[in-house]
Every structure is written in structure tokens, then in C-alpha cells.
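**Q** Sequence first, then the predicted structure, then my questions.
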Amino acid sequence: MSIKSDQWIRRMAEKERMIEPFESGQVRQNAAGGRLISYGTSSYGYDVRCADEFKIFTNINSAIVDPKNFDRNSFVDFKGPVCIIPPNSFCLARTVEYFRIPRRVLTICVGKSTYARCGI
């Protein structure tokens, strides 16, 4: 198995609809010229975007969190352009992009260093 290049990712996205919506290059600015968190095809990868739908973990009752029996009521659904994560909490997000990954391909999702430098 080999690491797939950005050229392979671009070809598969354009011909096989592997990523939708797809951006063939790195986008770093919005239409007005303002700075964005970059997204799109990068060297040997694809930088995704968070959609505007989040599930924010809240443990207002200080209940025991059991990973084998997780209480779905511990999440609050939130829709908006910005998600504020409370202290001692986390959130789940989905991507703007939809993926159709071939069965013979393994993908890895890694945190973005832009967010890591902010402590997220």
C-alpha cells in the first residue's frame, strides 16, 4: 500500500466524486479577501471544513460518564457558524465534505495544527 498523492486525490475527486464538494487547491481567503482556516487539497492530503452543526457535551448533572453506556442526553445540538466549547467539555462536528472512499483505501483523520496552536 502506498500513500496517495494530491494528484491522485484530485483525480479521484473529479472523476469518481470521492469528495463532494471538492476544492482542487488550498483556499486561504474568502471572496472578500479575508483570511480563512485553509481547506482543500494539500500535499498528500485534503483539509476538510467543519459544518455548522455541532453536538456539545454537557455534564450539568455531574453524572458518571460511561463510554459503554453513553447517555445521549449529555449532548446539546447546536447549529451556528461558531461553536463555543464550555470548560471541561468537548464537541462533535461533521464535515462540509462528503466522502466516498474506495474500499482498498485507508484514510486517517488528523487534527489541524492551526487549531492545535489554539489549544483545541
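**A** Thanks, I have it. Residues are numbered from 1 along each chain as shown.

**Q** drop to CA atoms for contacts and neighbour counts, all remaining ones
**A** Fine.

**Q** Can you spell out which helices and strands pack onto the lengthiest helix in the chain?
**A** Using DSSP state H, we find that the single longest helix of the chain is helix 6-16. Using 3 or more CA pairs under 8 Å, 6 or more residues apart in numbering; DSSP states H and E, the elements in contact with helix 6-16 are strand 35-42, strand 45-47.

**Q** State the mean pLDDT of the first one.
**A** Right, strand 35-42. What strand 35-42 shows for mean pLDDT is 93.

**Q** mind checking the SS state of Tyr115?
**A** helix (DSSP: H, G, I helix; E, B strand; the rest coil).

**Q** Please list all residues in contact with Ile3.
**A** Tyr44 (CA atoms under 8 Å, 6 or more residues apart in numbering).

**Q** Name the SS class of it, please.
**A** Ile3 is classified as coil under three-state DSSP.

**Q** Quick check: it vs Ile9, distance?
**A** According to CA to CA, to the nearest Å, Ile3 and Ile9 sit 10 Å apart.

**Q** can you list residues touching both of the two?
**A** The contact sets of Ile3 and Ile9 overlap at Tyr44 (CA under 8 Å, 6+ apart).

**Q** Which of the helices and strands in the chain ranks last by mean pLDDT?
**A** Lowest mean confidence among the helices and strands of the chain (mean pLDDT, DSSP states H and E): helix 113-116, at a mean of 86.

**Q** List the buried residues of it.
**A** Along helix 113-116, no position meets the burial threshold by neighbour count (16 or more other CA atoms under 10 Å).

**Q** Thanks again, I'm all set now.
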